[in-house]
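K.L.:
what follows is a predicted protein model with its sequence.
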Amino acid sequence: MWRVKSLDAILATAERKSLHRSLGPVQLTLLGIGAIIGTGIFVLTAAASQKAGPGMMWSFVIAGAVCAVAALCYSELAAMAPVSGSAYTYTYAVMGELLAWMVGWALILEYAVAASAVSVGWSGYVLGLIENALGFDWPNALQAGPAWSMNGFIPSPDFSAGVINVPAIIVALGVTCLLMIGTTESARVNAILVAIKVAALTIFIVLTLPVIKMENFTPFAPNGLFGSSSGMGIVGAAASIFFAYVGFDAVSTAAEETKNPQRNVPIGLIGSLGICTLFYLLVAIGAVGAIGAQPVVGPAGEAVQPGSPAFVAACSLAENANRLVCSNEALAHVLREINWPVVGNGLGLAAMLALPSVILMMIYGQTRIFFVMARDGLLPEGLTKIHPKWKTPYIVTLATGIAVAIAGALFPVGQLADISNSGTLFAFFMVSIAVLMLRVKDPNRHRPFKTPLVWIIAPLSAVGCLALFWNLPHDAKLVLPIWGGIGLLIYFAYGYRKSHVGRGLVEVHETDSDAPPPPVPPIS
């Protein structure tokens, strides 16, 4: 279970059963922006405000800094191994099969659960638009899943918020159908949706910055730096907001479908991250300054987690109805509160049209993780079956879409985002370690992109990921080890015996023309 699959073998396997290369640097950057700009800024702004108040602006900086150093580590490995699989592939090449399986299993929490979170965020904007623009009151039982709390290790639902989120189901299944049609078609649609999102955020910034009131920034950190309970405060909000940035690594999962990946993958990763960071900070300043971002509190004045039953009860009070933290469509709500109702409805429409691009990239990333794990024999190889007309792994795409729809139907967006982050941070931590190990184990391999100051950047990334994981809510932290235990059972029951590496089925031969050249042996 500690067996390692070399980078040459990984490239050879990918060449034997590969996906079509069709994506260039502009498409990759747009795919990155499409994956990053989404629920994190359109919806999680409210949840971050509940945790940190106006101090969420520092939360964006902290989360963005950790994501930036992780991006540099990802860029080196993605350029060296331009194949599907993301952190799973890199871990397999450096740390061995068992840890690679655990990373791939954790990535399900990143991509699939993240897609569910975005589906719930989309639902909030659609229902707000229906209510405010059309005057139709959607039934409460069908507009949200229940609020969940933990009774020890047993989740307990509270149906006062809702029973099932029907719009989230609709969008998840709709995007799944689009992805089954084909990658190129999906990328073209995504480019249009990215333009809509960027335009909507630009309009929001232009309208909110002139009406900023400095008193709305006081108190700046009502819950402090770390908060009185797990997952609260500025750092706790950063751990949740990290969700708003992680879409960049979906670019690396598209490496096997990228033309000239050694050049284009780093461009897509770093370019999309830099553009999105600027937007996030300006939008956060505008939202806080325009209407304020103070959190609601429980009956005894205590801090309450967003999405919890106590939070739902606080937001049901009349005096809290117009609070930013209680809105399911944060940015549209801000515009309506500053007397731009038509533009607010327009932003809601833009979110309704554009947020599916984020769901698209998350499901896309998840299916490619499953694809490469099945191609390695760790999952049933039937999952790698490519549709004869669409040229996509349609079986695993459909299965993933159904799972995304179920989670989106039953859980609130904040809790889904935190669960997603637990898997994401684990995967990023492993990548940070892998890039250092590979520098030692294979120093002569050609690196089209080298992480600068790697012995500083990679440890910073690893420590940052651990710190953010520690500051997630207690419930979200519990999910990762429980989910990991289930994954171990599946691995030892199936993957350990069926692994191609374990069965000696891996062939090492020349890589394709746009893959990295083999290392040059040193002159003796």
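P.N.:
Yep, it's here.

K.L.:
report the buried residues of the lengthiest helix in the chain.
P.N.:
Under DSSP state H, the helix in the chain containing the largest number of residues is helix 97-134. Burial within helix 97-134, assessed by neighbour count using 16 or more other Cβ atoms under 10 Å, is assigned to 97-130, 132. Every residue, glycine included, has its C-beta placed from N, CA and C.

K.L.:
now do that helix, average pLDDT.
P.N.:
Model confidence over helix 97-134, given as mean pLDDT, is 86.

K.L.:
quick one: distance of it to the chain centre.
P.N.:
Helix 97-134 has its C-alpha centroid displaced from the chain centroid by 8 Å (Cα atoms, centre = their mean, to the nearest Å).

K.L.:
likewise stretch 468-479?
P.N.:
Between the mean C-alpha point of stretch 468-479 and the mean C-alpha point of its chain there is a distance of 16 Å (Cα atoms, centre = their mean).

K.L.:
between the two ends of it, how far is it?
P.N.:
The first and last residues of stretch 468-479 sit 15 Å apart, counting by Cα to Cα, to the nearest Å.

K.L.:
what's next to that stretch, contact-wise?
P.N.:
Stretch 468-479 is touched from outside by 62-63, 66, 109, 150, 153, 226, 230-231, 233, 235-236, 238-240, 242, 305, 415, 418-419, 421-422, 425-426, 429, 480, with contacts defined as Cβ atoms under 8 Å, 6 or more residues apart in numbering.

K.L.:
now intersect those with the helices, please.
P.N.:
Secondary structure from DSSP H places 62-63, 66, 109, 233, 235-236, 238-240, 415, 418-419, 421-422, 425-426, 429, 480 of those in helices.

K.L.:
if we can go back for a sec, hmm, which of the contacts of stretch 468-479 are the buried ones?
P.N.:
Buried subset of these (neighbour count, 16+ other Cβ under 10 Å): 62-63, 66, 109, 230-231, 233, 235-236, 238-240, 242, 305, 415, 418-419, 421-422, 425-426, 429, 480.

K.L.:
these two touch, right, W483 and A112?
P.N.:
No: contact between W483 and A112 fails when scored by Cβ atoms under 8 Å: they sit 11.2 Å apart.

K.L.:
do you have the helices of the stretch 251-400 of the chain handy? List them.
P.N.:
Counting by DSSP state H, counting those that start in this stretch, the stretch 251-400 of the chain forms helices over residues 261-291, 309-315, 330-337, 341-354, 356-375, 394-410, given from the N-terminal end onward.

K.L.:
right, and the ones you listed - which one's nearest G145?
P.N.:
Of all the helices of the stretch 251-400 of the chain, it is helix 394-410 that lies closest to G145, at 4.2 Å by Cβ to Cβ.

K.L.:
buried stuff in the closest one?
P.N.:
Neighbour counts using 16+ other Cβ under 10 Å place 394-398, 400-401, 403-405, 407-410 of helix 394-410 among the buried residues.

K.L.:
now for that helix, which elements pack on it?
P.N.:
helix 97-134, helix 166-181, helix 356-375 (3 or more Cβ pairs under 8 Å, 6 or more residues apart in numbering; DSSP states H and E).

K.L.:
can you redo those as a markdown table with distance to L436?
P.N.:
Formatted as a markdown table, the helices and strands packed on helix 394-410 follow (distance: least, Cβ to Cβ, whole Å):
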| stretch | distance to L436 |
| --- | --- |
| helix 97-134 | 14 |
| helix 166-181 | 35 |
| helix 356-375 | 23 |
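
K.L.:
so where is this structure shaky, pLDDT-wise?
P.N.:
Across the chain, the stretches falling below the confidence threshold (pLDDT under 70) are 1-22, 35, 38-39, 79, 81-86, 149-155, 183-190, 247-258, 261-262, 506-524.

K.L.:
same thing but 50
P.N.:
Within the chain, the stretches with pLDDT under 50 are 507-524.

K.L.:
just the helices of the stretch 251-400 of the chain: most buried one?
P.N.:
Mean neighbours per residue, mean count of other Cβ atoms under 10 Å, is largest over those for helix 356-375, with a mean of 28.

K.L.:
packing partners for that one?
P.N.:
Secondary-structure packing of helix 356-375 (3+ Cβ pairs under 8 Å, 6+ apart): helix 7-16, helix 25-36, helix 86-94, helix 97-134, helix 166-181, helix 183-208, helix 250-253, helix 394-410.

K.L.:
so which of the ones you listed gets nearest P299?
P.N.:
With Cβ to Cβ as the measure, helix 97-134 is the member of these nearest P299 (25.7 Å).

K.L.:
next, the angle helix 341-354 makes with that closest one.
P.N.:
For helix 97-134 and helix 341-354, the angle between their directions (axes from the mean of the first three to the mean of the last three Cα atoms, to 10 degrees) works out to 150 degrees.

K.L.:
next, the angle from helix 97-134 to helix 356-375.
P.N.:
Angular relation of helix 97-134 and helix 356-375 on a 0 to 180 degree scale: 160 degrees, by the same axes, to 10 degrees.

K.L.:
going by secondary structure, the residue nearest to M56 when sequence neighbours are not counted is in what exactly?
P.N.:
Nearest residue to M56 in three dimensions, chain neighbours excluded: A48, at 4.0 Å (Cβ to Cβ, 6 or more residues apart in numbering). Under DSSP states H and E, the secondary-structure element containing A48 is helix 44-52.

K.L.:
other SSEs contacting that helix?
P.N.:
Right, helix 44-52 is packed against helix 56-80, helix 233-241, helix 261-291, helix 330-337, helix 413-441 by 3+ Cβ pairs under 8 Å, 6+ apart.
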